[in-house]
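Undergrad: Need coordinates for the following:
(2 chains)
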Amino acid sequence: MDRRKFLSVTIKTFFVILGVITSAIALITTYPFRIKKRTVKYFPVMDEDELPRRGVKTVVFSYKRQDRLLTTRAFVVNHANELYVLSPVCTHLGCLVNWHRKKKQFLCPCHGGKYDITGKVLAGPPPAPLTRLPMRIQKGKLYIGMKV
Amino acid sequence: MGKILDWLDSRFGIKAPHQRFLQRPLPKRLSYLYCLGGVAFTLFLCLLFSGLLLSIHYVPSQDEAFHSVVRITREVRLGWFVRSIHKWSANLLIVFIILHTIRVVVHRAYRPPRELNWLVGAMTLVIAFASGFTGYLLPWDQKAYWATEVGTSMAGTIPLVGKYLLYLVRGGPEVNGVTLIRFYSLHVLWLPLCMGILLWAHFHMVKRQGISGGL
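TA: Next up is the predicted model:
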């Protein structure tokens, strides 16, 4: 190996190593540094005597996630003698669905997803039924579990 | 790797003209003093890169700026390292530009036909000072605040236009969140853009005029 070739290889190697180190630093630094596992926490949303006898009732409630007050809504459904809570988040791309009383369907405004009263997909792009949120009734109040 | 680059270059055609430049014979009297400008440019690249990384975590707002800098230093992985690189490169950049300037003065490399390149270099130094001054405010702590308070009030002492200049720089009568945003914008957009254009001109003229033979 002559002098010229040796220098050329050395310089190229130096720059490749430099590139690798800087890319590593860039990746390590820019990767999010506060990723916490979310745990389910229960929040009171309504009194027990306000629960729907039949059909769908929309509740708007606030809960705290990392000291931040968030307001969201959920559907409390009493159908075929079963009480459950449906998340309004469409399983397609995360828009919020609305309950259409006449059609008896949950309609997504974004891409036309349709769900029936149990959350099952009737039409449109959603890949999965609406999520059922964990709930419990305690001391005369309905609690909904949210991931915080 | 070489094949891919060749494929790109056969379309882009950047290799041949630069090869002529990079492999040209150099005057015999060159010494390491001729590297000072190159060192300054390397420091500029370090600043550019570390600055890009810092800008991902920095929040330019009155309420958040200080906390985001604390977060960068304490919580972001290698954040302390990137911030230190930025800080020390900034200090060294000024030092090396001045050393480079002294070298040019001593070798009288500012004489025709290089007088325009001397002017461009001087403007680069001014932009570097401006970047240092605007960057100093961004941590938004006591030292930054008072340094900017004092530094900008110097603009106010200029006769006739002083007051308007002061308001223009501060974005109002006093240093506050508006000033922070102004300085942030200057520091990350305006000044690096000017610097890039000036450096391109600087290197272009070095390429065209060749390295001065010295004394």
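
Undergrad: The host helix or strand of residue A:99: partners in the sheet, and parallel or antiparallel?
TA: If you go by DSSP states H and E, residue A:99 is part of strand A:98-100. Strand pairing for strand A:98-100, determined by DSSP bridges: strand A:105-107 (antiparallel).

Undergrad: And the contacts of the helix or strand that the strand it pairs with is followed by?
TA: Using DSSP H and E, the helix or strand that follows strand A:105-107 in sequence is strand A:114-115. Strand A:114-115 is touched from outside by A:97, A:105, A:106, A:107, A:108, A:121, A:122, A:123, A:124, A:126, A:129, A:130, with contacts defined as CB atoms under 8 Å, 6 or more residues apart in numbering or on different chains. For the C-beta atoms, the positions are set from N, CA and C on the backbone; glycine is no exception.

Undergrad: near chain B, which residues of chain A?
TA: A:22, A:25, A:26, A:28, A:29, A:30, A:31, A:33, A:34 (CB under 8 Å from any CB of the partner chain).

Undergrad: at 10 Å what do you get?
TA: Applying CB under 10 Å from any CB of the partner chain, we find that chain A lies next to chain B at A:12, A:16, A:22, A:24-34.

Undergrad: Generate a PyMOL selection restricted to the buried subset of these.
TA: Selection of buried members from the residues of chain A next to chain B for PyMOL, criterion 16 or more other CB atoms under 10 Å in any protein chain shown:
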select buried, chain A and resi 25+26+28+29+30
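
Undergrad: ok, back up a step: which of the contacts of strand A:114-115 ranks first by neighbour count?
TA: Counting neighbours by other CB atoms under 10 Å in any protein chain shown, residue A:106 leads these with 28 neighbours.

Undergrad: which residues pair with that one across the strands?
TA: Beta-bridge partners for residue A:106, by DSSP bridges, are residue A:99, residue A:115.

Undergrad: Output the below-cut-off pLDDT ranges for chain A.
TA: Within chain A, no stretch has pLDDT under 70.

Undergrad: Can you give the domain ranges for it?
TA: Following automatic domain parsing, one finds the domains of chain A at A:3-31, A:37-147.

Undergrad: Next, format those domains as a markdown table and append distance to residue B:184.
TA: Formatted as a markdown table, the domains of chain A follow (distance: least, CB to CB, whole Å):
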| stretch | distance to residue B:184 |
| --- | --- |
| domain A:3-31 | 19 |
| domain A:37-147 | 25 |
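
Undergrad: Identify, out of the ones you listed, the most deeply packed stretch.
TA: Of the domains of chain A, the one with the most neighbours on average (mean count of other CB atoms under 10 Å in any protein chain shown) is domain A:37-147, at a mean of 15.

Undergrad: Quick one: residues contacting residue A:51.
TA: By CB atoms under 10 Å, 6 or more residues apart in numbering or on different chains, residue A:51 lies in contact with A:57, A:59, A:76, A:78, A:83, A:137, A:142.

Undergrad: Which ones among those map onto strands?
TA: In strands, judged by DSSP state E, the following of those are found: A:57, A:59, A:76, A:78, A:83, A:137, A:142.

Undergrad: Any figure for the gap between the residue most central in space within chain B and residue B:144?
TA: Closest residue to the average C-alpha location of chain B: residue B:128 at 4.4 Å, with CA atoms, centre = their mean. To residue B:144, residue B:128 is 18 Å away according to CB to CB, to the nearest Å.

Undergrad: swap in residue A:125?
TA: Where residue B:144 is concerned, residue A:125 sits at a distance of 51 Å (CB to CB).

Undergrad: quick one: low-confidence parts of chain B?
TA: B:1, B:212-215.

Undergrad: run the last query once more with 80
TA: B:1-2, B:17-18, B:20-29, B:210-215 (pLDDT under 80).

Undergrad: who in it is up against chain A?
TA: Within chain B, the positions lying close to chain A (CB under 10 Å from any CB) are B:1, B:45-46, B:49-50, B:52-54, B:56-57, B:71-72, B:75-79, B:81-83, B:85.
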